[in-house]
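Asker: Dropping the sequence and predicted coords here.
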Amino acid sequence: LAADSRLRNDPMLLPDMSDAVSRLTKALDAHELIGVFGDFDTDGITGTALLVRGLEEVGARVAPYLPDRLDEGHGLNDDAVRALTKRGVTLLVTVDCGTSSVDEIALAASLGADTIVTDHHNLTDNPPVSCALINPKRPDSAYPYPDLTGVGMAFKLVEALYADIGEPWPGHLLELVALGTVADVGPLTGENRFLVKEGIERLRTTQNPGIRALADVSKVKLASLATDDLSFRLIPRLNAPGRLGSARTSLDLLTAKSEEDAASLANELELMNSERRALTEEAMQEAERQVARNSGQEGVAPLVFVESEAWSPGILGLIAARLTDIYHRPAIAVARGSRSSRASRAVGALPMATTAPSKRGASSRMAATDLVVFSLWARWATSGVSMRQWVATPWAANNALEIPTSTIRTSVSTGAPPRKADRPRSTAPGLILMDSAIWGSPSARTMRHTTNLSSGVRSSESGRLASTISRLLSSISSGSKAYFCTRVNA
């Protein structure tokens, strides 16, 4: 992995960076409590740890917060905002999220807290009103490299702050950038290439007690560390707590001050990773039994769909990915709940975004269905807790993709379906939104972008339909896309 410092870019080229640095220096001078809100995957965990360490090293008072995967899900939420402001946070900095958190940032402002957003996800048409929205994908961004990950964006904020207050360049934090960028599968091009290369070099001689302890339980020799060691040994262990619930153990490990604390936390991670492996193996056995049971004379269906009440939501992505590797099909794995069910998807290296009809025409199982599954961000209110919710809606009660009709029907309640003339014709491939999903019945106040999906779109124009739904989804949730799946031969 070759890279040099010429690939580095000036952080002040990022939009709103000057405002963010100004607000951070004000917080430092006034000894304000700064909240750092991250995510439960390794990109979010390392980005949070980087900001905690980077800010504390210049005297800041910091309160980190990672959402619980099971109770809160991804992204900023009202309960977290209230909890942080109740602790005295007057400045909130997000990591790997916030671009679409309009209501939550408005809530923070009403409770007396400014918000600095650091994020790399696609913007919506209605960005939040924040103190600073630092995102290289903003249309007004002058930053030359748009593919930084969440931890990379956090590093650029610390880099800009250190330059402003006269501190040395924080290269020692690049070890965290390398972990998070590889975990998030950031492209190893341009600035990412430099950050990961430099970060791995620093990991080989790291003095971070948590990383050293993690390497020890992972049987990794830091002196000869390679990207495979990150991908298959260190990162899965950092991800394990977040898959089972709270990722706080991983954050505490990366910010540990003593060797003793780090060793204890690393051992906890090892036990959690063993539990995660056992749960995944047990779930995979059941998933493969379901695939075999649901396969007809034509073999495995074009879309692999498996579900169970016993599966932990945190391992669904692993199940879907392994099914895609085995069967060479897009896969959806669902953890069924009593009121709502959570799902994850995987597509692997399948040919996606094609608008060509199936070669088998109307007789194809993929082409024969008149089913369209799309997902929308919605609000789910239960017991006074606001949760982010995906809602999946069929346009026909058709079981051609071997999606259990009962599962589909539980998702219907999003308003009137499109007119029959606007539905895809039977010769069009099935349209599936391949993105993280939580399926269930939304509350009455949740539905806003659900009607007139096909307005002005002829059913034969499948590519245009995909584009229309993609634009719809991007106005609600950053990074959402609609794809067409043609039949994939085994």
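Answerer: Arrived safely.

Asker: my hunch is that residue 320 is in a helix, does that hold up?
Answerer: Yes. Assessed by DSSP: H, G, I helix; E, B strand; the rest coil, residue 320 belongs to a helix.

Asker: Now do it against residue 276, distance only.
Answerer: 15 Å (Cβ to Cβ, to the nearest Å). Yep, even glycine has a C-beta here, placed from its N, CA and C like the rest.

Asker: These two: which has the busier surroundings?
Answerer: residue 320 (26 against 22; other Cβ atoms under 10 Å).

Asker: hang on, isn't the more buried one packed against residue 332?
Answerer: Yes. The criterion here is Cβ atoms under 8 Å, and residue 320 meets it with residue 332 at 6.3 Å.

Asker: any common contacting residues for the two?
Answerer: Taking Cβ atoms under 8 Å, 6 or more residues apart in numbering as the contact criterion, the common neighbours of residue 320 and residue 332 are 344-345.

Asker: and the closest residue to residue 138 other than its chain neighbours, how many residues sit next to it?
Answerer: Of all residues not flanking residue 138 in the chain, residue 15 sits nearest, at 4.9 Å (Cβ to Cβ, 6 or more residues apart in numbering). Using other Cβ under 10 Å, residue 15 has 19 other residues around it.

Asker: Please apply the same query to residue 247.
Answerer: Residue 247, neighbours per other Cβ under 10 Å, totals 27.

Asker: Just the pLDDT at the residue nearest to residue 138, thanks.
Answerer: Model confidence at residue 15, given as pLDDT, is 97.

Asker: I'd like the numbering to begin with 13 instead of 1 from here.
Answerer: Yep, numbering from 13; the last one is residue 27 now.

Asker: what's near enough to touch it?
Answerer: With Cβ under 8 Å, 6+ apart, residue 27 has these contacts: 145-147, 150, 152-155.

Asker: switch the cut-off to 10 Å
Answerer: 144-155 (Cβ atoms under 10 Å, 6 or more residues apart in numbering).

Asker: Farthest pair within those?
Answerer: 144 and 151 (16.2 Å; Cβ to Cβ).

Asker: quick one: which of these two has more around it?
Answerer: More crowded of residue 144 and residue 151, by other Cβ under 10 Å: residue 144, with 23 against 6.

Asker: in the stretch 13-162 of the chain, which spans are helices?
Answerer: 29-42, 54-68, 90-98, 114-122, 162-177 (DSSP state H, counting those that start in this stretch).

Asker: so what does the third one touch, helix or strand wise?
Answerer: Meaning helix 90-98. strand 45-49, strand 73-77, strand 101-107, helix 114-122, strand 397-405 (3 or more Cβ pairs under 10 Å, 6 or more residues apart in numbering; DSSP states H and E).

Asker: repeat that with 6 Å
Answerer: When contacts are defined as 3 or more Cβ pairs under 6 Å, 6 or more residues apart in numbering; DSSP states H and E, helix 90-98 sits against helix 114-122.

Asker: now the helix it packs on: mean pLDDT?
Answerer: 96.

Asker: Could I have the CA atoms of that helix written out in PDB?
Answerer: Only the C-alpha atoms of helix 114-122 are listed here, as PDB (Å, rounded to 0.1, in the frame of the first residue of the first chain):
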ATOM      1  CA  VAL A 114     -33.200  17.600  11.200                       C
ATOM      2  CA  ASP A 115     -35.600  17.100  14.100                       C
ATOM      3  CA  GLU A 116     -32.900  15.900  16.500                       C
ATOM      4  CA  ILE A 117     -30.600  18.800  15.900                       C
ATOM      5  CA  ALA A 118     -33.500  21.200  16.300                       C
ATOM      6  CA  LEU A 119     -34.300  19.500  19.600                       C
ATOM      7  CA  ALA A 120     -30.700  20.000  20.700                       C
ATOM      8  CA  ALA A 121     -30.900  23.700  19.900                       C
ATOM      9  CA  SER A 122     -34.100  24.100  21.900                       C
END
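
Asker: got the buried residues for that helix?
Answerer: Of all the residues in helix 114-122, those buried under the rule 16 or more other Cβ atoms under 10 Å are 114, 116-117, 119-121.

Asker: Save the residues you listed as a markdown table, and put in distance to residue 328 too.
Answerer: Shown next, in a markdown table, are the buried residues of helix 114-122 (distance: Cβ to Cβ, whole Å):
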| residue | distance to residue 328 |
| --- | --- |
| 114 | 28 |
| 116 | 25 |
| 117 | 29 |
| 119 | 29 |
| 120 | 30 |
| 121 | 35 |
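
Asker: Return the member of these nearest to residue 254.
Answerer: Residue 254 lies nearest to residue 116 out of the buried residues of helix 114-122, by Cβ to Cβ, at 20.2 Å.

Asker: distance of the closest one from residue 158?
Answerer: 25 Å.

Asker: try residue 169
Answerer: Distance of residue 169 to residue 158, computed by Cβ to Cβ: 16 Å.

Asker: neighbour-wise, which of those two wins?
Answerer: Remark: of residue 169 and residue 158, residue 169 carries more neighbours, 26 against 13, as counted by other Cβ under 10 Å.

Asker: In space, what's closest to the more buried one - neighbours in sequence excluded?
Answerer: Nearest to residue 169 is residue 130, by Cβ to Cβ, 6+ apart, at 5.5 Å.

Asker: do the same with residue 339
Answerer: Nearest to residue 339 is residue 312, by Cβ to Cβ, 6+ apart, at 5.1 Å.

Asker: give me the number of residues near that neighbour?
Answerer: Neighbourhood size, residue 312 [other Cβ under 10 Å]: 19.

Asker: and if you look at residue 74?
Answerer: By other Cβ under 10 Å, neighbour count at residue 74 equals 18.

Asker: likewise residue 43?
Answerer: For residue 43, the count of nearby residues is 10 (other Cβ under 10 Å).

Asker: Residue 41 too?
Answerer: 10.

Asker: In contact with it, which residues are there?
Answerer: Contact partners of residue 41, counting by Cβ atoms under 6 Å, 6 or more residues apart in numbering, are absent.

Asker: got it, and residue 190?
Answerer: 208, 211-212.

Asker: Sitting in helices, which of the residues you listed do you find?
Answerer: 208, 211-212 (DSSP state H).
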